[in-house]
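Peer 1: quick check, what structure comes out for this input:
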Amino acid sequence: IGLLQNGLGASSSASEGRYGTAAVAAIAQASREKLVMFSNEKDPEFPYGEATSLTLKDPALSAEQVETLRAAYPELEINCIVALLGSEYDVSTTRLDLSSMESGDVETFVEKLPLLPNLERVDLTDDNGESGLTKTDVKRLQEAAPEVVFQYSFDFYGVTLSTADEEVHIKNKRIGDEGEEEIRQALDILNNCKRFVLEYCSVSNEVLAKIRDDYRSRTKVVWRVHFGKGSTMTDAEAIRAVYDLTDDNCQDLIYCEDAKYIDIGHNEYLDGVPFVAGMPNLEVIIISGAPVKDLTPFQNCKKLRILE
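Peer 2: Numbers count the residues shown, from 1 in each chain. The predicted model follows:
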């Protein structure tokens, strides 16, 4: 009866005998459920020709191995179904919500990433701004798939930052030189950030200058420096400090590498301008009234047009 019920046998005089009624019912059930596998007739729904497609469900294969299969069987359309955090995704997937991912899931996801060639964005933070991942985890993901946007938010000294931020301005936070590694970890994953400003955060000029050099290819690191009776951001293009500049209070101007126009005239106690050595973009400088004697720092100012 079980064989008949599952369509695995053909019937002959099924209605006769002790189990006739049960046999007829089993055959009818198999027919209704289209389980008739034993028959002299071909199943109209069975593809008797050459296979045209193959779907690999969460294969234990690398992307390279899958490509090897595709090259070996060019006439066969080979697709992959990838299982992630209880859900399944195919090669057409462009966006994933993996906000429930934990640190222990990262390496598994990295291994499966190449099987999702059309992936464009992955959300790693939930609607409440929470995530089980660290900045180190996010950096690992970004390095594994630099062409994918990983949306992630995190706390930075009481300020919520996001990998989508194009500019960050942190002000009046007690970070200090001891926070250098935290600053670097943030910059590592802020790959859309063009300008990162730290103002009055107690980080030394020397530390910030080193960070700026290390990240300048992607992000401009900016901070505030003081001179005379004034101050300016290190990416300022125009600086004016007349009457109150001396040799003792002008040293930090060397960090203003974007300066183009400077007016430091009428500073009678200013004997030197060593800071211009750090201003390769300087075009115009006014130093009239200042007893400057040494002009050798200007040798780095290849764009200088006017010296008054």
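Peer 1: could I get the phi/psi values of residue 194?
Peer 2: Here is the backbone geometry of residue 194 (degrees, to the nearest 10): phi -90, psi -30.
Peer 1: surely it touches residue 220?
Peer 2: Yes - taking contacts as Cβ atoms under 8 Å, residue 194 lies within contact range of residue 220: 6.5 Å. In short, each C-beta sits where N, CA and C put it, glycine included.
Peer 1: of these two, who's got more company?
Peer 2: A count of neighbours by other Cβ atoms under 10 Å puts residue 220 above the other of residue 194 and residue 220, at 16 against 12.
Peer 1: which residues are in contact with the closest residue to the more buried one other than its chain neighbours?
Peer 2: Distance criterion Cβ to Cβ, 6 or more residues apart in numbering; nearest residue to residue 220, sequence neighbours excluded, is residue 195 at 5.0 Å. Residues in contact with residue 195, defined by Cβ atoms under 8 Å, 6 or more residues apart in numbering, are 166, 167, 168, 219, 220, 222, 235.
Peer 1: which of those lies closest to residue 245?
Peer 2: When the contacts of residue 195 are compared for distance to residue 245 (Cβ to Cβ), residue 235 wins out at 20.2 Å.
Peer 1: do a quick rundown of the strands in the stretch 201-308 of the chain.
Peer 2: With DSSP state E, counting those that start in this stretch as the criterion, the stretch 201-308 of the chain has strands at 220-227, 230-233, 238-240, 261-263, 284-286, 306-307.
Peer 1: how far away is the residue nearest to residue 220 from residue 293?
Peer 2: For residue 195, the distance to residue 293 equals 37 Å [Cβ to Cβ, to the nearest Å].
Peer 1: quick check: the residue nearest to residue 220 vs residue 59, distance?
Peer 2: Residue 195 is 44 Å from residue 59, by Cβ to Cβ.
Peer 1: right, and the helix or strand after the least confident helix or strand in the chain by mean pLDDT?
Peer 2: When each helix and strand of the chain is scored by mean pLDDT, DSSP states H and E, helix 2-5 comes last, with a mean of 67. Going down the chain from helix 2-5, the next helix or strand is helix 20-32, by DSSP states H and E.
Peer 1: for residue 56, which three-state class applies?
Peer 2: With DSSP: H, G, I helix; E, B strand; the rest coil as the basis, residue 56 sits in strand.
Peer 1: what does the one 3 residues further on give?
Peer 2: With three-state DSSP as the basis, the three-state label of residue 59 is coil.
Peer 1: you'd agree it is up against residue 79?
Peer 2: No - between residue 59 and residue 79 there is no contact under Cβ under 8 Å: 10.3 Å.
Peer 1: please say which of those two ends up with more neighbours.
Peer 2: residue 59 (17 against 14).
Peer 1: what does the pLDDT read for the closest residue to residue 281 other than its chain neighbours?
Peer 2: Among residues not flanking residue 281 along the chain, residue 260 sits closest, at 5.4 Å (Cβ to Cβ, 6+ apart). We have a pLDDT of 97 for residue 260.
Peer 1: wait, residue 260 touches residue 282, no?
Peer 2: Yes - counting by Cβ under 8 Å, residue 260 does reach residue 282; the two are 6.3 Å apart.
Peer 1: residue contacts, residue 105?
Peer 2: Residue 105 makes contact with 85, 98 under the criterion Cβ under 8 Å, 6+ apart.
Peer 1: repeat that for residue 56.
Peer 2: 66, 78, 79, 80, 81.
Peer 1: so how far is residue 205 from the second one?
Peer 2: Here the criterion is Cβ to Cβ. By it, residue 78 lies 58 Å from residue 205.
Peer 1: same question for the first one.
Peer 2: Computed as Cβ to Cβ, the residue 66 to residue 205 distance reads 52 Å.
Peer 1: of these two, which one has the most company?
Peer 2: Ranked by neighbour count (other Cβ under 10 Å), residue 66 and residue 205 place residue 66 first, with 18 against 15.
Peer 1: quick check, pLDDT for the more buried one.
Peer 2: So residue 66 comes in at 88 (pLDDT).
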